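Chemist: here's a sequence, model it:
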Amino acid sequence: MYLREVKLTSEKIHRCQMFQVILLRALVRKDLSKLAESLDGYCNVMDSTSFDYLLLPTIGSNNEASINWSFLDSIIYPSANREDNHTNCFSQSMDDCKLVNTKSGLVYSCRLENSLVCTPHNDTLYCVTGILHDLDANSILELRKGESMSYKEYFKSRHEIDLVYEREALLNAKYLPKMRNYLKKSSAEKGKEPSGASLQLPPELCSILMSPIPHGLYYSFSYLPSIIHRIESLLLARSLKRLHMDHCAQSVSIHTTKILEAITTKKCQENFHMESLETLGDSFLKYAASRHLFTTYQNDHEGLLSLKKEKMVSNDALCKLACDRKIPGFIRTEPFDPKTWAIPGDTSLDKSLDVEVISPKRKVYNMGSRKIKSKRVADIAEALIGAYVSTSGELAALSFMVWLGLDMYYAKTPIERHFPINAEKFVNVRYIESLIKYKFRDPSLLVEAFTHGSFMQSEIPRCYQRLEFIGDAIIDYIITVHLYNKYPGLTPGLLTDMRSCSVNNDCYALCAVKFGLQKQILYFSTDLQKHITNTVESVEKLCISTTFGWSSDISFPKVLGDIIESLAGAILIDSCFNEDKVCESILPLLEPIVTPETVTLHPVRELHEFCRGRGYIMRKPSVTPKDGVSFITMEVDVNGTIYSDICSAPNKDAAKKLACKNLLNKLKIECASIELNVELNE
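Modeler: Take a look at the predicted model:
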């Protein structure tokens, strides 16, 4: 909150800077030698030309707040006249103040209250909160285990110190607050000392470092490192945003907090990180690339389009582009550590910075180098794309992608099609349109969407593969957006699992069989016909109520999933890339959509996590192809005992899924048996 401008002399600026550095050093480093250097340096150094910003205590209400100079004057105390006139006396009248013996010499008791002291015998800093007039060195100290002794005896036995001024009142003191990372997720760290714990100190053992400075101010300042680190992180994110804005022709609005989320990795241990945005950005990137390639290369088949897309959006390609834009320097990869925090204005820790001009308007300051995996850099690039998609829309995301170096544009030219055929002759157009609640302008797209590569007729020059290429990308994108928007508080890992559970061939194939779309497929292949017939019979026997997940043991022919993707692609092209139309037509077919409560893991991944959590060893699978069928053997070493399963399916992935599922069930039964025996033996 901005209040007003305050003008300070160079002497006052220096005093503010010294107060800030000394107090924060006491809290952050708790280093007496460094603190002493700072205090000694106050009298010798008058350089106010080099400082970052000032963090100062105020007095008064919010609107009338002003700098509390009485607290800032506390740093003058070590060099001030000990026998002053009791200025800034906090809780006692001047008549009650008495001279007290300390390591700093004779001082008035009012100066001890609300002071920062150190005890040289154990090199510890304390804040004094009051004077205990009813306790002195001869008072009894109750120890643990029922022991008791006088304070004088305690310091003699524990520290070999003979207290001289036995009748002087003890000081009530507290440890300085423990510095914590308050940005840490679920930060509930417990310090070694209870926050309200007090202890008693003889004044003669204390050396006064700052006075007056109340106990509550230490706690207020203990939050500052975390607060300032968050502000600095936001400024970092803002700088990255400006790098893009400087080259952005259109007006793009994006919250700096979203950029910060996108550059924050899970290792930072904060309440947010980039993984959800990465999932969203990855999906949009692949859709945008597919759409760009589909419209740009209208005569290329699906294989060529896939190769070009992989070259554009691979991790290696993204990493190179991100490095060219200096993005790795903005990535946050470590949790904040207050102990290593660079205190503003602390010149003893100054590090040299290399300046690099990266645009006519911008320059960056380089502190050094660090190692970041190329995949991590690519993930951050995808997360930044996701940040733009989630807050500013697709055009803003495309603008960022173009700045990044991805030459992707939404072509405005129509897709050229010359298929003058009678669509009803080949597919049941009315049934399909009523099912998806969408009427095609060009029904020939439906024919193309259901034409398998084995179907050779001159009237139909193309099979569904190009439509499958763009349809795969649009379904992935609309489902990812649906899950991201419907469950905003979803953990990144769960979002990824839900996406995987919903976007896969098994899910689409079940959907196709559920609505009888296999009857619309145009193909000439007896093997495919047999596979489809067997699959439909198996699905009807199982009576599966949902189309997501991995519960089915059926090995689905790829064509059944492909036609759902090609149907989505046909709607997208016919509607002139109206994504909402695809969403309205396809999502109802896939219902019920997976929820956080119904999500399941793929059997292969679940087996990996099951074994990793228990220290079991998964052996490399053995694959044997025979007569068009893949046989796969999966083995797990459980403390020397080998568990295995062999499954077969028309393709390797399906066989592996079945083998992992069976093996997982065996291991779960075995683990349950072991746990039961342990309970019985106990």
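Chemist: His244 and Asn114: what is the separation?
Modeler: To Asn114, His244 is 50 Å away according to Cβ to Cβ, to the nearest Å. No exception for glycine: its C-beta is placed from N, CA and C like everyone else's.
Chemist: of those two, who's got more company?
Modeler: Asn114 (24 against 20; other Cβ atoms under 10 Å).
Chemist: who's in contact with that one?
Modeler: Asn114 makes contact with 90, 127-129, 211-215 under the criterion Cβ atoms under 8 Å, 6 or more residues apart in numbering.
Chemist: where's it relative to Leu171, distance?
Modeler: Counting by Cβ to Cβ, the gap from Asn114 to Leu171 is 11 Å.
Chemist: got it, and Ala512?
Modeler: In this view, Ala512 and Leu171 are 81 Å apart by Cβ to Cβ.
Chemist: re the thing from before, quick check on the contacts of Asn114: which are buried?
Modeler: 127-129, 211-215 (16 or more other Cβ atoms under 10 Å).
Chemist: list the contacts for the closest residue to Cys323 other than its chain neighbours?
Modeler: Residue nearest to Cys323 in three dimensions, not counting chain neighbours: Val377, with 6.7 Å by Cβ to Cβ, 6 or more residues apart in numbering. By Cβ under 8 Å, 6+ apart, the contact list for Val377 reads 318-319, 322-323, 327-328, 331.
Chemist: again with Val313
Modeler: Contacts of Val313 (Cβ under 8 Å, 6+ apart): 285-286, 289, 406.
Chemist: and which of those is nearest Asn504?
Modeler: Using Cβ to Cβ, Lys286 comes nearest to Asn504 of the contacts of Val313, at 14.9 Å.
Chemist: what about the closest one, neighbour count?
Modeler: Neighbourhood size, Lys286 [other Cβ under 10 Å]: 21.
Chemist: and if you look at Leu667?
Modeler: Using other Cβ under 10 Å, the number of residues around Leu667 comes to 19.
Chemist: wait, is it part of a strand?
Modeler: No: assigned with DSSP: H, G, I helix; E, B strand; the rest coil, Leu667 falls outside any strand and is helix.
Chemist: got a pLDDT number for Thr87?
Modeler: On the pLDDT scale, Thr87 is placed at 48.
Chemist: I should have written Val21 there, sorry.
Modeler: Val21 is assigned 84 on the pLDDT scale.
Chemist: name the residues of the helix or strand harbouring Leu27 that are buried.
Modeler: Following DSSP states H and E, one finds Leu27 within helix 10-28. Neighbour counts over helix 10-28 (16+ other Cβ under 10 Å) mark 13-28 as buried.
Chemist: overlap in contacts of Asn114 and Leu171?
Modeler: With Cβ under 8 Å, 6+ apart as the test, Asn114 and Leu171 both reach Val128.
Chemist: now Trp341. Its backbone dihedrals?
Modeler: phi -70, psi 140 (degrees, to the nearest 10).
Chemist: now the spatially closest residue to it that is not a sequence neighbour: how far from Leu116?
Modeler: Leaving aside its sequence neighbours, Trp341 sits nearest to Pro225 (Cβ to Cβ, 6+ apart; 4.7 Å). Applying Cβ to Cβ, the value for Pro225 to Leu116 is 18 Å.
Chemist: before we move on, what about Thr496?
Modeler: Relative to Leu116, Thr496 is positioned 50 Å away (Cβ to Cβ).
Chemist: and for Arg180?
Modeler: From Arg180 across to Leu116, the span is 20 Å (Cβ to Cβ).
Chemist: how far out from the middle of the chain is the helix or strand containing the residue nearest to Trp341?
Modeler: Using DSSP H and E, Pro225 sits within helix 224-245. Distance of helix 224-245 from its chain centroid, counting by Cα atoms, centre = their mean, to the nearest Å, is 16 Å.
Chemist: if we can go back for a sec, neighbour count: Thr496 and Leu116, which is higher?
Modeler: Taking other Cβ under 10 Å, Thr496 and Leu116 do not tie; Leu116 has more neighbours (27 against 18).
Chemist: dump the buried ones among the contacts of Asn114 to TSV, plus distance to Thr633.
Modeler: Output for these, formatted as TSV (distance: Cβ to Cβ, whole Å):
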residue	distance to Thr633
Cys127	68
Val128	73
Thr129	72
Ser211	77
Pro212	77
Ile213	72
Pro214	72
His215	69
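Chemist: from the residues you listed, which land in strands?
Modeler: The members of the buried ones among the contacts of Asn114 that map onto strands under DSSP state E are 127-129.
Chemist: check which helix or strand the closest residue to Ser306 other than its chain neighbours maps to.
Modeler: Spatially, and ignoring its direct neighbours in sequence, Ser306 is nearest to Phe469 (6.7 Å; Cβ to Cβ, 6+ apart). Using DSSP H and E, Phe469 maps to helix 465-486.
Chemist: let's see that helix as PDB, backbone CA atoms only.
Modeler: Output in PDB follows, covering the C-alpha atoms of helix 465-486 (Å, rounded to 0.1, in the frame of the first residue of the first chain):
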ATOM      1  CA  GLN A 465      -5.800 -41.300 -40.800                       C
ATOM      2  CA  ARG A 466      -5.500 -37.500 -41.500                       C
ATOM      3  CA  LEU A 467      -8.800 -36.900 -39.500                       C
ATOM      4  CA  GLU A 468      -7.500 -39.200 -36.800                       C
ATOM      5  CA  PHE A 469      -4.300 -37.100 -36.600                       C
ATOM      6  CA  ILE A 470      -6.200 -33.900 -35.900                       C
ATOM      7  CA  GLY A 471      -8.900 -35.600 -33.900                       C
ATOM      8  CA  ASP A 472      -6.500 -37.200 -31.500                       C
ATOM      9  CA  ALA A 473      -5.100 -33.800 -30.600                       C
ATOM     10  CA  ILE A 474      -8.500 -32.000 -30.200                       C
ATOM     11  CA  ILE A 475     -10.000 -34.700 -28.000                       C
ATOM     12  CA  ASP A 476      -6.900 -34.700 -25.800                       C
ATOM     13  CA  TYR A 477      -7.100 -30.900 -25.600                       C
ATOM     14  CA  ILE A 478     -10.900 -30.500 -24.800                       C
ATOM     15  CA  ILE A 479     -10.700 -33.300 -22.200                       C
ATOM     16  CA  THR A 480      -7.700 -31.700 -20.500                       C
ATOM     17  CA  VAL A 481      -9.400 -28.300 -20.500                       C
ATOM     18  CA  HIS A 482     -12.600 -29.800 -19.100                       C
ATOM     19  CA  LEU A 483     -10.700 -31.500 -16.200                       C
ATOM     20  CA  TYR A 484      -8.500 -28.400 -15.600                       C
ATOM     21  CA  ASN A 485     -11.600 -26.100 -15.400                       C
ATOM     22  CA  LYS A 486     -13.900 -28.500 -13.500                       C
END
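Chemist: and the next helix or strand past that helix?
Modeler: Elements were assigned by DSSP H and E; along the chain past helix 465-486, the next helix or strand is helix 492-502.
Chemist: can you name every helix or strand that whatever helix or strand comes next after that next one contacts?
Modeler: Next helix or strand after helix 492-502 toward the C-terminus (DSSP H and E): helix 505-514. In terms of contacts (3 or more Cβ pairs under 8 Å, 6 or more residues apart in numbering; DSSP states H and E), helix 505-514 is packed against helix 526-542, helix 558-574, helix 579-590.
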